[in-house]
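Asks: Fold the following.
(one chain, ligands or ions: 2)
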Amino acid sequence: MQLGLVGLGRMGGNMRERLRAAGHEVVGFDHNPDISDAASLTQLAEKLQSPRAVWVMVPAGVTDATIDELAEVLGEGDIIIDGGNSRFSDDAPRAERLNEQGIGYIDVGVSGGVWGRQNGYGLMVGGAQEHVERLMPIFEALKPAGEFGFVHAGPVGAGHYAKMVHNGIEYGLMHAYAEGYELLTASELVTNVPGVFKSWREGTVVRSWLLDLLDRALDEDPELAELSGYTEDTGEGRWTVDEAVRLAVPLNVITASLFARFASRQDDSPAMKAVAALRQQFGGHAVHKR
Ligand SMILES: NC(=O)C1=CN([C@@H]2O[C@H](COP(=O)(O)OP(=O)(O)OC[C@H]3O[C@@H](n4cnc5c(N)ncnc54)[C@H](O)[C@@H]3O)[C@@H](O)[C@H]2O)C=CC1
Ligand SMILES: O=C(CO)[C@H](O)[C@H](O)COP(=O)(O)O
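Replies: Ligands and ions are numbered 1, 2, ... in the order given. I've put the predicted structure just below:
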């Protein structure tokens, strides 16, 4: 099958390779001409036979502009797939805009990171059955080889919703391993912290791919000495917490792990300064001065 692919970075570039290895014809476009197969979106559209399918894999902030630009060079019967980490609430308005031009829309939550090319990508799909069916050969090539790794989760928006919750869980899982790591390193008893994590990779209740990756990171740098704790986020955790507030669902772990990232960016917490100041005010307790 033919597929247009816009955005050939860490995800799109590897997806292009996996799709080509499965025998699909992929025409890629990226702002970076060194990795692009087409010089423009217009040329990308011209290289594809109608009805066309174009997968967008760009950073969430530029997705709407990219899709609007793409819609100008596509037409009736074509389908746009957004596989980036977009906010689910953007999907329905996007689908409506495209529908006015007869262009179909599918949202896909994609998981697997830079390992997806070799391991396959977990795919969470939202959209109309007829559109999803048309893209099945592409989904089959991208998904892992086994029984799992693909779901048609519901109508437009459901794929990104599922990916949002997936990433919220990812925040919480990572933070639980991270807290365990910190407690082990603080302990006077455990002298081989990387060895403990390595041992947990088989037979234990807490074995997982994230644990394998933490073990890999500790192999590279046993004390994580090269890293600062400053941790970014790109939106999915915040959207998960927004949804929890909207639906009054108690998301204790995921919310705490999101807030831990915010705390990681502070040199000196204004909130904790206020707590220290108040302790001094009411109890005459000592404070640490700068
Ligand atoms: N890196 C990861 O682990 C995962 C990322 N994602 C999502 O996939 C999307 C892409 O992420 P990455 O590949 O990691 O980003 P990246 O920054 O590695 O690549 C983005 C690529 O898009 C290109 N680009 C940006 N705007 C463009 C435009 N308007 N037209 C054409 N090309 C454009 C850039 O030149 C770059 O090559 C994002 O939405 C991200 O959140 C989803 C799952 C995992
Ligand atoms: O989707 C992903 C993994 O599943 C991406 O790696 C995403 O960037 C992770 O979220 P954040 O950047 O907020 O940590």
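Asks: in this structure, which spans are strands?
Replies: Counting by DSSP state E, the chain has strands at residues 2-6, 25-29, 53-56, 79-82, 104-111, 122-126, 150-154.
Asks: Adding mean pLDDT and distance to ligand 1, write those strands out as CSV.
Replies: For every residue, glycine as well, the C-beta is placed using N, CA and C. Shown next, in CSV, are the strands of the chain (pLDDT from 0 to 100; distance: least, CB to the nearest ligand atom, whole Å):
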stretch, mean pLDDT, distance to ligand 1
strand 2-6, 98, 5
strand 25-29, 98, 6
strand 53-56, 98, 8
strand 79-82, 98, 8
strand 104-111, 98, 5
strand 122-126, 98, 9
strand 150-154, 98, 15
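Asks: What's the separation between the closest residue to Q280 other than its chain neighbours and ligand 1?
Replies: Distances taken as CB to CB, 6 or more residues apart in numbering place V287 nearest to Q280, at 5.0 Å, with adjacent residues excluded. Note on V287: its distance to ligand 1, by CB to the nearest ligand atom, to the nearest Å, is 42 Å.
Asks: show me the residues around the residue nearest to the spatial centre of the chain that make contact.
Replies: Centroid check for the chain by CA atoms, centre = their mean gives N85 as the closest residue, at 5.3 Å. Residues counted as contacts of N85 (CB atoms under 8 Å, 6 or more residues apart in numbering) are 60, 109, 160, 163, 167, 234-236.
Asks: Kindly report the same for P194.
Replies: 215, 218-219, 222 are the contacts of P194 under CB under 8 Å, 6+ apart.
Asks: For the closest residue to ligand 1 within the chain, grab the count of nearby residues.
Replies: Residue nearest to ligand 1 within the chain: G9 (1.7 Å; CB to the nearest ligand atom). Using other CB atoms under 10 Å, G9 is surrounded by 15 other residues.
Asks: Surely it and V62 touch.
Replies: No: counting by CB atoms under 8 Å, G9 stays clear of V62, with 11.7 Å between them.
Asks: Next, the contact list for the residue nearest to Q280, please.
Replies: 276-277, 279-280.
Asks: now that we have these, which one has the most neighbours?
Replies: A276 (16 neighbours).
Asks: nearest spatial neighbour of that residue, skipping sequence neighbours?
Replies: Nearest one to A276, counting by CB to CB, 6+ apart, is V287 at 4.8 Å.
Asks: how about the contacts of P194 in JSON lines, adding distance to ligand 2, pLDDT and neighbour count?
Replies: What follows is these, written out as JSON lines (distance: CB to the nearest ligand atom, whole Å; pLDDT from 0 to 100; neighbours: other CB atoms under 10 Å):
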{"residue": "D215", "distance to ligand 2": "18", "pLDDT": "98", "neighbour count": "18"}
{"residue": "L218", "distance to ligand 2": "19", "pLDDT": "98", "neighbour count": "18"}
{"residue": "D219", "distance to ligand 2": "21", "pLDDT": "98", "neighbour count": "11"}
{"residue": "P222", "distance to ligand 2": "23", "pLDDT": "95", "neighbour count": "12"}
